[in-house]
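sequence first, then the predicted structure:
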Amino acid sequence: MAFVRAAGRWTAHEVSNHSTGYCPDLASWAAVAHALDLAGVGRPGRFTHEVVFRRCEACRACSVVREGDFVCVFCGGELPLEWNIGS
């Protein structure tokens with residue numbers, strides 16, 4: 001997250017789900033938005049930089065899906081269309 005202060009109020013100017021340790025799904029935005037709202041921090045309407053993660057079912061590595069290409073960068077295996085990091 002990147003924050004800016006304008007008119008005496010903090011705002012999360014940039015918010016990303018790019019966490020290669022946790023690999024959160026894009027659906028995690030609802031929890032992020034809720035936390036920022038509770039803290040009284042302004043925010044965008046969605047992640048400003050969205051990263052799609054998938055676990056390769058062949059080699060079990062976590063991969064970033066780039067340009068809609070659901071292929072594992074480690075073994076070349078096909079990545080699932082649905083988020084599967086937690087499984």
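It's in.

how about the nearest residue to the spatially most central residue of the chain, chain neighbours excluded?
The geometric centre of the chain, computed from its C-alpha atoms, lies nearest to Asn17 (CA atoms, centre = their mean), at 2.5 Å. Using CB to CB, 6 or more residues apart in numbering and skipping the chain neighbours, the partner closest in space to Asn17 is Pro24 (4.6 Å). Every C-beta, even on glycine, is put in place using the N, C-alpha and C of the backbone.

the residue nearest to the centre of the chain reaches Ala30, doesn't it?
No: Asn17 lies out of contact with Ala30 (CB atoms under 8 Å); the separation is 11.7 Å.

for the two, list the residues in contact with both.
Counting by CB atoms under 8 Å, 6 or more residues apart in numbering, Asn17 and Ala30 have no contacts in common.

re earlier: now for the residue nearest to the centre of the chain: which residues touch it?
Listed by CB under 8 Å, 6+ apart, the contact set of Asn17 reads 24-26, 28-29, 32, 47, 50-51.

please redo it, this time with the cut-off set to 10 Å
Asn17 makes contact with 23-29, 32, 47, 49-53 under the criterion CB atoms under 10 Å, 6 or more residues apart in numbering.
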